[in-house]
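Visitor: Predicted model, plus sequence, below.
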Amino acid sequence: MTTTITICDTCKREGWEVEAGEHTDGELLADLIEAAASGTPIKTRRFSCLMGCDRACNVTIQAKGKLNYTLGQFIPSPEAAKAIVAYAVLHAASASGQVPYRDWPQAIKGHFTTRHPPLPESK
């Protein structure tokens, strides 16, 4: 199963308009995650609005037949991007998508928003 990180490219953290540059915080985080995922088995994609605006910047970590997660409240930084990708690699290696807490990269602890069960197999 392929694990995919979906990055909200429209996310703007509080105060974004004051710091505003040419790109949203979500676009900056997406650039960093895409770079960090290069050379790994993890796929990335951008999506405009994951509807987690109160906890921007948001990402999902998903794979068919596995538990799926939404994480948020990241600052776009290389450290955050590397931790998100590192967790996705662990997710990909897990049969169920569940990764033991002791294995989580420190930089993602406290950022989990939701966990979703896998969709049932269609008949």
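Guide: Arrived safely. In this text the structure is predicted, and so the values were computed from the model without any measurement.
Visitor: which residues of the chain fall in strands?
Guide: 4-8, 43-47, 59-62, 68-71, 112-116 (DSSP state E).
Visitor: Pull up the pairing partners for the third one, direction included.
Guide: Which is strand 59-62. strand 4-8 (antiparallel), strand 68-71 (antiparallel) (DSSP bridges).
Visitor: average model confidence for the last one?
Guide: The one in question is strand 68-71. If you average the pLDDT over strand 68-71, you get 97.
Visitor: From the chain's centre, how far out is it? Work that out for me.
Guide: Computed by C-alpha atoms, centre = their mean, to the nearest Å, the chain-centroid distance of strand 68-71 equals 7 Å.
Visitor: picking up where we left off before, and of the strands paired with strand 59-62, who's closest to Cys53?
Guide: Closest to Cys53 of those is strand 4-8 (C-beta to C-beta; 9.0 Å). (Glycine included, C-beta is placed from N, CA and C.)
Visitor: could I have the closest one exported to PDB, CA atoms only?
Guide: Extracted C-alpha coordinates of strand 4-8, given in PDB (Å, rounded to 0.1, in the frame of the first residue of the first chain):
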ATOM      1  CA  THR A   4       0.200   9.600   0.700                       C
ATOM      2  CA  ILE A   5       0.600  12.900   2.500                       C
ATOM      3  CA  THR A   6      -2.000  15.400   1.400                       C
ATOM      4  CA  ILE A   7      -1.000  19.000   2.200                       C
ATOM      5  CA  CYS A   8      -3.500  21.800   2.500                       C
END
